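1. missing the sequence, but the structure's below:
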């Protein structure tokens, strides 16, 4: 499933200064990538193009037992899933967001027993 996710962090290269302004204005940087949901975790990885442009990007893995909430937020064309942990909120924009959010909630409930 194609997706984009919100990533924070800024370096000082000229292009990164422009991106820092974009991040500040929009509250984050939307990065194309893929999401994979298993019975125990959510893995989010930037696509090849974004890894080439944003060298600081890395894959993210969230353990389902660490999720505090899974919310569906409004979005233009596609909705957004906000995955809240004690330390972070990771936002994923994708088609079918309500169904994916429900699947994640059900898996998280099973994972926490």
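-> Here it is on my side, so go on. Values in this document were obtained by computation on a predicted structure and should not be read as measured data. Residues are numbered from 1 along each chain as shown.

2. what's around the residue nearest to residue 63 when sequence neighbours are not counted, how many residues?
-> Beyond its immediate neighbours in the sequence, the residue positioned closest to residue 63 (CB to CB, 6 or more residues apart in numbering) is residue 41, lying 5.2 Å away. Every residue, glycine included, has its C-beta placed from N, CA and C. Neighbour count of residue 41, defined by other CB atoms under 10 Å: 15.

3. enumerate every residue touching residue 41.
-> Under the criterion of CB atoms under 8 Å, 6 or more residues apart in numbering, the neighbours of residue 41 are 61, 62, 63, 64.

4. which helix or which strand is home to the first one?
-> Meaning residue 61. strand 60-63 (DSSP states H and E).

5. and the helices in this structure?
-> Using DSSP state H, the helices of the chain run over residues 14-26, 48-53, 97-112.

6. which of these has the lowest mean pLDDT?
-> Confidence, taken as mean pLDDT, is least for helix 14-26 of the helices of the chain (a mean of 60).

7. pull the longest strand from the chain.
-> strand 29-37 (DSSP state E).

8. quick one: that strand to chain centroid distance?
-> 6 Å (CA atoms, centre = their mean, to the nearest Å).

9. just the buried residues of that strand, please?
-> By neighbour count, with 16 or more other CB atoms under 10 Å as the criterion, the buried positions of strand 29-37 are 29, 30, 31, 33, 34, 35, 37.

10. okay but the fifth one is in contact with residue 44, surely?
-> Yes - using CB atoms under 8 Å, residue 34 is in contact with residue 44, at 7.3 Å.

11. next up, the contacts around residue 82.
-> Per CB under 8 Å, 6+ apart, neighbours of residue 82: 69, 70, 71, 72, 73, 89, 90, 91.

12. whichever of those end up buried, select them in PyMOL.
-> To isolate the buried members of the contacts of residue 82 in PyMOL, using 16+ other CB under 10 Å:
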select buried, resi 70+90+91
